[in-house]
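Participant: Structure of the sequence below:
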Amino acid sequence: YYGGLSDEDSDAYSRDQKTFRQAFPELKVKWIRTLRVPWRLRLGGRLSHRDITPNALTGSILADLDPLGADGGMFAQINSSLRYDTRDDYNNATSGVLEELLVGFGLGGGGDYRGVTFSFDHRHFRPLTQTLLFAHRMSVDWTLGDLPFYEELKLGGSRTVRGAPSARDRGEARILLNGELRWRGLPLWRRRHMYLGVAVFGDLGQIFERGELPHGGEWRRGVGMGLRYHWQSTIVRADYGSSGDRTAIYITFSQVF
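Facilitator: A predicted model of the protein is given here:
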């Protein structure tokens, strides 16, 4: 947790002072109905209880700033989204478009948490050749009300701006742009549809206050490249990202989008 500290100020803190441990058992339910292809309606909900403990005994940014939700507690959310989805594969699309509008309402903390999240997500997958693909995503999110810090919009890490520290920025509104040039790669086992591919990417995003627009000089940028192991729709990715003077390596499952 960095609060509103600048990169220069946050560098004065140790890793333990910037991090915390959390346990949050969670129950999720989801219902999806196809209205008329390619339109879909999704309804869902989740209930969780979060225990949070700063890693540092003294000097913890989280303990010192004490944001809403620093003590954890119960949180419940219901959400609904409308999707226009022409992708050829849910997990590893090679063509098509996804447009999604989502609204979520959450409350908890004995009444201290009460807020609404609005999101718009656009994804486009354009094949350039039989094995080369350009994919991009634009995501815009807005929140209203009082949400605990761990439910705020986040920027930084393996799924947003690669190279920047995980959840480096948190706040009330976010815009995120991701672009990837994906090459399916070399066949490892054609009969099993196994390939080793490469991706080159660029990420751009900003957290800003809900009553304002993004500022020109406050963007987080990340660039890099990575490997992709394809097996049917299963993807294992290893990305090397650079953001400013920071770099990071991510090894995980699934495409970023």
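Participant: any chance you could map the strands in the stretch 51-200 of the chain?
Facilitator: According to DSSP state E, counting those that start in this stretch, the stretch 51-200 of the chain carries its strands in the segments 73-85, 96-108, 113-127, 132-146, 153-155, 169-171, 173-189, 194-208.
Participant: Looking at the ones you listed, which is nearest to Leu65?
Facilitator: Proximity to Leu65 (C-beta to C-beta) singles out strand 169-171 among these, at 11.3 Å. The C-beta positions use only the backbone N, C-alpha and C, and glycine is treated the same way.
Participant: just how off-centre is the closest one within its chain?
Facilitator: Relative to its chain's centre, strand 169-171 lies at 12 Å (C-alpha atoms, centre = their mean, to the nearest Å).
Participant: Contacts for it, please.
Facilitator: Strand 169-171 is contacted by residues 1-2, 149, 152-156, 206-209, 220 when judged by C-beta atoms under 8 Å, 6 or more residues apart in numbering.
Participant: which intervals of the stretch 101-250 of the chain have sub-threshold pLDDT?
Facilitator: Along the stretch 101-250 of the chain, no part satisfies pLDDT under 70.
Participant: before we move on, back to that, got a PyMOL select line for the buried ones in the contacts of strand 169-171?
Facilitator: Applying 16 or more other C-beta atoms under 10 Å to the contacts of strand 169-171 leaves a buried subset, and the PyMOL line that selects it is:
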select buried, resi 1+2+149+152+153+154+155+156+206+207+208+220
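Participant: Going by secondary structure, Glu212 is in what exactly?
Facilitator: Using DSSP states H and E, Glu212 sits within no helix or strand.
Participant: As a quick check, tell me the outermost residue of the protein.
Facilitator: Largest separation from the mean C-alpha position in the chain: Arg191, at 33.7 Å (C-alpha atoms, centre = their mean).
Participant: quick one: that one from Ala76, how far?
Facilitator: Arg191 is 47 Å from Ala76, where distance means C-beta to C-beta, to the nearest Å.
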